[in-house]
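> Requesting a structural model of the entry that follows:
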Amino acid sequence: MFLCAAEWLTLGLNMPLLAYHVWRYMSRPVMSGPGLYDPTTIMNADVLAYCQKEGWCKLAFYLLSFFYYLYGMIYVLVSS
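As a prediction, the model looks like this:
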């Protein structure tokens, strides 16, 4: 959508996140049992700390993106 509208800055900001999501999907654990994750390893303190840091970073990115898109929408509505 951003490519068709020639929004190069927005496309450039979203490409690293898209690449990260593709990498996470491609490196997910193989489903060989009844669940996707082993309950004994998911409660590891290192894994939890990493996931918490990842969650905060993604939250910050999504909040900044939201306000950037909101600004863009208001700018277009006011200027036309």
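> Distance check, residue 46 against residue 53.
Counting by CB to CB, to the nearest Å, the gap between residue 46 and residue 53 amounts to 11 Å. C-beta coordinates here come from the backbone N, C-alpha and C atoms, glycine included.
> Repeat that for residue 40.
Between residue 40 and residue 53 the distance is 22 Å, computed by CB to CB.
> Between those two, tell me which one has more neighbours.
Set side by side, residue 40 and residue 53 show unequal neighbour counts under other CB atoms under 10 Å, the larger going to residue 53 at 10 against 7.
> Tell me which helix or strand that one sits in.
Secondary structure assigned from DSSP states H and E places residue 53 in helix 45-79.
> If you tally nearby residues, what's the number for residue 17?
Neighbour number of residue 17 under other CB under 10 Å is 13.
> residues touching residue 76, list them.
Applying CB atoms under 8 Å, 6 or more residues apart in numbering, we find residue 76 in contact with no residue.
> Name the residues that touch the least confident helix or strand in the chain by mean pLDDT?
Comparing every helix and strand of the chain by mean pLDDT, DSSP states H and E singles out helix 39-42 as the least confident one, with a mean of 76. Helix 39-42 is touched from outside by 47-48, with contacts defined as CB under 8 Å, 6+ apart.
> Can I get it in CSV, CA atoms only?
As requested, the backbone C-alpha atoms of helix 39-42 are provided in CSV (Å, rounded to 0.1, in the frame of the first residue of the first chain):
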residue,chain,number,x,y,z
PRO,A,39,6.1,-25.0,29.3
THR,A,40,9.4,-25.7,31.1
THR,A,41,11.5,-23.6,28.8
ILE,A,42,9.0,-20.7,28.3
